[in-house]
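Novice: can you look at this prediction? I've put the sequence above it.
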Amino acid sequence: MTRIILISLLHRLSPQFPIYPVAQLLPQLSEHKGEVWLPPLSTPDVAALRAKVAPQAQREFASLATGWCDFAASDSGDTPELDALASYDEEMLDNLRLYWGSAAKINHPITDNLFELRRGVVDEAHGTKLADAWERQQELRFTQLMSAAQGQDLLCFVEVEAAYWLRQRLSEQAEIELHIPAL
């Protein structure tokens, strides 16, 4: 059975949530001897992780850029759907400020549920083109991991907004032991 350790990254949200410094993630690297999967981002947390992983062990996930939706500004709406997304995003960030009182909660199922719900609002606001691109790229990431997981353990760092999708799919695989570490 292959063990996959999946850890959420705050990447662009890091400055707003200092309770989850990248230094807290580094022990996972020293304990892991196999491949380390990282998102194709140039954020400080990903750069710090890349600097600590041997180049031969680094792997890069497919980009989610074609299906990505940044957090909406409160005045961004040209349609009722975009207004709803902006309102949801503002409320969600406020709720996360309260809920994320400790780093452990960032990798918690409640966080995954919040981001899965947000994705539904995003898809409603932006339509099927963005939703289809998101699903396609998430499926590509899943395929990457399943191809790499041929008997070796994997350590994966995934954007917090996207982690729910991989956790859900990986947990459905009988040959995968999904592990979410307590940080």
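Specialist: That came in fine, so what should we check first?
Novice: alpha carbons only for contacts and neighbour counts from here, please
Specialist: Fine.
Novice: so what's Phe115 up against?
Specialist: With contact set as C-alpha atoms under 8 Å, 6 or more residues apart in numbering, Phe115 has these partners: Val160, Glu161, Ala162, Tyr164.
Novice: so which of those residues comes closest to Ala133?
Specialist: Distance to Ala133, by C-alpha to C-alpha, is smallest for Ala162 among those, at 13.0 Å.
Novice: stretch 117-137: how far from the chain's middle?
Specialist: Here stretch 117-137 is found 15 Å from its chain centre; the criterion is C-alpha atoms, centre = their mean, to the nearest Å.
Novice: so which residue is smack in the middle of this protein?
Specialist: Of all residues in the chain, the one closest to the mean position by C-alpha atoms, centre = their mean is Glu159, 2.5 Å from it.
Novice: what residues of stretch 15-23 count as buried?
Specialist: Within stretch 15-23, the residues that count as buried by 16 or more other C-alpha atoms under 10 Å are Phe17, Tyr20, Val22.
Novice: quickly find the element holding the second one.
Specialist: Put plainly, it is Tyr20. Tyr20 belongs to no helix or strand when elements are defined using DSSP states H and E.
Novice: isn't it right up against Gly101?
Specialist: No: with contact defined as C-alpha atoms under 8 Å, Tyr20 does not count as touching Gly101 (9.7 Å).
Novice: coming back round to it: nearest to Glu139 among the contacts of Phe115?
Specialist: Minimum distance to Glu139 across the contacts of Phe115 is 11.5 Å, recorded for Ala162 (C-alpha to C-alpha).
Novice: and the gap between that closest one and Arg97?
Specialist: 19 Å (C-alpha to C-alpha, to the nearest Å).
Novice: the two: which is more packed in?
Specialist: Legend: neighbour count by other C-alpha atoms under 10 Å for Ala162 and Arg97, higher for Ala162 (19 against 12).
Novice: not counting residues beside it along the chain, what's closest to the more buried one?
Specialist: Using C-alpha to C-alpha, 6 or more residues apart in numbering and skipping residues adjacent in sequence, the residue nearest Ala162 is Phe115, 7.5 Å away.
Novice: and if you look at Ala149?
Specialist: Of all residues not flanking Ala149 in the chain, Thr2 sits nearest, at 6.2 Å (C-alpha to C-alpha, 6+ apart).
Novice: beta partners for that neighbour?
Specialist: On the basis of DSSP bridges, Thr2 is bridged to Ile176.
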